[in-house]
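> let me see the structure of the following:
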Amino acid sequence: MFCAELSQYLRAQLSREITLTAQDRLYRAVDGFVGLRRLEDPAFLDRLRLAQQSGGTSPGQVLDAVLTAAGSLLTVTGFLRLAARHQPTDDPAGGRGRTAGDAAELWLSRLRAQTAWDLGPLERREFFYSTLLSRMEAAKEIRLFNTGTFLRGRMVADRRAVNEARSAVDRKELRVQTALGVLAALVSGGGLLWQWPRPGTGGSPSATSRSSSPPPPACKAP
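Presented below is the predicted three-dimensional model:
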């Protein structure tokens, strides 16, 4: 459980850093164009829009696909090893663990929603700066007053602030999920102890019940 949550947290962190680097390099290249000829070319603008849309998600998606494939392979391998040794147990404390998990998930959902609401202005401002850097209407003024570096710096700063806020949420989620994993382990351990045969019973409860039942009557020869 902990390894899965930690892997998800590290994957999100790496995806955000890759996306930030890709966007920064893209707008750095656009700001470095000499003249306005490329920004007046419809074919180039189409490629630029495609790079803007895919540059924010494609690197993370590629990384996520690779890590998911590797994680799925490990999960299937571990499941096949544990499936043969798994024995269902009657866990009387399982409901308590589920109740705590539901409460934690509700709190995390509210935290994610509040974070998304708070990050709205930063994301809109980042979109505004990125639009200015790639629009033909603003290209003349940007090159005339040499404000491309300033606008790109503001855009990157807003994106870093968004990433830091989302990272803080991910760290809280990691701590909560880790605590829930520890609680689930304790509950499972309590369930195993509950099913453990008591001294003097001579085996498992099912075996004891079978051994205590009277033997069937012997068949008599006619």
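
> how about the helix or strand residue 27 falls within: buried residues?
Here residue 27 sits within helix 2-31, counting by DSSP states H and E. For helix 2-31, the neighbour count (16 or more other CB atoms under 10 Å) marks 5, 8-9, 11-12, 15-16, 18-20, 22-24, 26-27, 30-31 as buried. C-beta: built from backbone N, CA, C; applies to glycine.

> state the mean pLDDT of stretch 147-155.
Average pLDDT, stretch 147-155: 90.

> with stretch 19-26 instead?
When pLDDT is averaged over stretch 19-26, the result is 86.

> what's around the closest residue in space to residue 111 that isn't next to it in sequence, how many residues?
Nearest-residue entry for residue 111: residue 169, 6.0 Å, with adjacent residues in sequence omitted and distances by CB to CB, 6 or more residues apart in numbering. Each residue near residue 169 was counted by other CB atoms under 10 Å, and the total is 17.

> biggest helix in the chain, by residue count?
Secondary structure assigned by DSSP state H gives helix 148-195 as the longest helix of the chain.

> next, count neighbours for residue 149.
11.

> show me the shaky parts of this structure.
Along the chain, the parts satisfying pLDDT under 70 run over 1-3, 55-98, 191-192, 195-222.

> following the helix or strand containing residue 124, which helix or strand comes up?
Counting by DSSP H and E, the element that carries residue 124 is helix 120-134. Scanning forward in sequence from helix 120-134 by DSSP H and E, the next helix or strand is helix 136-145.

> what comes up buried for that following helix?
For helix 136-145, burial by neighbour count (16+ other CB under 10 Å) applies to 138, 139, 142.

> wait, doesn't the last one sit right on residue 33?
Translated: residue 142. No - applying CB atoms under 8 Å, one finds residue 142 not in contact with residue 33, separated by 10.6 Å.

> for residue 133, list the residues it contacts.
Residues in contact with residue 133 (CB atoms under 8 Å, 6 or more residues apart in numbering) are 27, 30, 31, 142, 148, 151, 152, 155.

> farthest pair within the residues you listed?
Farthest apart among the contacts of residue 133 by CB to CB are 142 and 155. That separation is 12.5 Å.

> which SS state does residue 35 fall under?
Following DSSP: H, G, I helix; E, B strand; the rest coil, we place residue 35 in the coil state.

> distance of the residue lying closest to residue 6 once chain neighbours are set aside from residue 5?
Excluding its sequence neighbours, the residue lying closest to residue 6 (CB to CB, 6+ apart) is residue 174, at 6.7 Å. Residue 174 sits 5 Å away from residue 5, going by CB to CB, to the nearest Å.

> can you check residue 51 too?
For residue 51 relative to residue 5 (CB to CB), the value is 33 Å.

> you'd agree residue 165 is up against residue 115?
Yes - between residue 165 and residue 115 there is a contact at 5.9 Å, judged by CB under 8 Å.

> on that earlier part again, what angle separates the very next helix or strand once past the helix holding residue 27 from helix 2-31?
Toward the C-terminal end, the helix or strand that comes next after helix 2-31 (DSSP H and E) is helix 42-55. Helix 42-55 runs at 160 degrees relative to helix 2-31, counting by axes from the mean of the first three to the mean of the last three CA atoms, to 10 degrees.

> no further questions, thank you.
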